[in-house]
Every structure is written in structure tokens, then in C-alpha cells.
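>>> kindly generate the corresponding structure for this input.
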Amino acid sequence: MPKATWNGAVIAQAKADEVELVEGNVYFPPDKVDKTHLRDSQTHTVCSWKGTASYYDVVVNGDVNKDAAWYYPVTKPAAEHIAGYVAFWKGVEVK
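Numbers count the residues shown, from 1 in each chain. Okay, the predicted model is just below:
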């Protein structure tokens with residue numbers, strides 16, 4: 001069961017058949033993410049085949065991990081299967 005943790009908190013957890021694996025990243029369905037630990041960021045990046053990504057800061061016990069989560073609110077056709085799904089990096093451990 002994939003789980004994303006940071007600073008002692010579980011940020012996301014889902015069954016293996018609920019997540020999507022893309023380019024080595026685990027994308028969690030939005031309803032499997034604890035959004036109490038996410039804060040909107042103004043950061044955006046563009047992927048040539050997925051579209052424009054938006055970011056969240058991960059916040060646990062007052063500590064902030066800037067832009068440590070990202071998602072594609074709207075995707076290009078090849079990435080429709082991850083629209084709205086959330087992935088993590090920058091020290092967020094995904095096992």
C-alpha cells in the first residue's frame with residue numbers, strides 16, 4: 001500500500017491499484033490525500049506531454065516543505081489518467 005510521509009505525518013495513502021506510476025513517481029488519487037497538510041503554492045511548471053503542473057507546500061507541525069507536492073489540474077490527452085492526482089518529492093518519503 002503506497003504511503004507518502006513527511007515530518008512524521010502521513011500525507012497520502014492508497015491501495016496499489018489506486019495509484020498511477022508515471023516516470024518513476026507515484027500519483028495518488030485526490031481523495032487519498034490528506035489536504036490538511038497541503039497549502040496552495042503559486043509555483044507552476046510545464047511538461048510537454050502532461051501539461052501545466054500546479055504545486056502545494058507540504059505543512060506539518062508548522063514546518064513547511066515548499067513545493068513538495070504537485071498535480072495537473074488539467075492534462076494533455078496522454079496524461080488524462082493522472083488529472084488531479086498528487087505526487088511528491090523534496091524529502092517526502094513514498095514507499
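>>> could you report the pLDDT at Pro73?
pLDDT, Pro73: 97.
>>> what separation is there between the nearest residue to it once chain neighbours are set aside and Gly8?
In this structure, Pro73 finds its nearest non-sequential neighbour in Ser54, 5.7 Å apart by C-beta to C-beta, 6 or more residues apart in numbering. (C-beta placed from N, C-alpha, C; glycine too.) Ser54 sits at a distance of 26 Å from Gly8 (criterion: C-beta to C-beta, to the nearest Å).
>>> with neighbour numbers in mind, choose between these two.
Shown here are Ser54 and Gly8; by other C-beta atoms under 10 Å, Ser54 has more neighbours (17 against 8).
>>> partner residues bridging that one?
His44, Tyr71 (DSSP bridges).
>>> touching, it and Cys47? I think so.
No - when contacts are counted by C-beta atoms under 8 Å, Ser54 is not listed as touching Cys47 (11.9 Å).
>>> what's the overlap in contacts for those two?
Tyr72 (C-beta atoms under 8 Å, 6 or more residues apart in numbering).
>>> tell me the contacts of Ile82?
Neighbouring residues of Ile82 by C-beta under 8 Å, 6+ apart: 20, 22, 27, 50, 72, 75.
>>> you'd agree the fifth one is up against Ala79?
Yes - proximity of Tyr72 to Ala79 meets the contact threshold set by C-beta under 8 Å, at 6.3 Å.
>>> which of the two has more neighbours?
For Tyr72 versus Ala79, the count of surrounding residues by other C-beta under 10 Å is larger for Tyr72: 22 against 18.
>>> mind jotting down where the helices sit in the protein?
Per DSSP state H, the chain carries no helices over any range.
>>> remind me which residues of it are low pLDDT?
For the chain, no stretch has pLDDT under 70.
>>> what sits against Trp6?
Here Trp6 is in contact with 37, 58, 60, 65, 68, 88, 91-93 (criterion: C-beta under 8 Å, 6+ apart).
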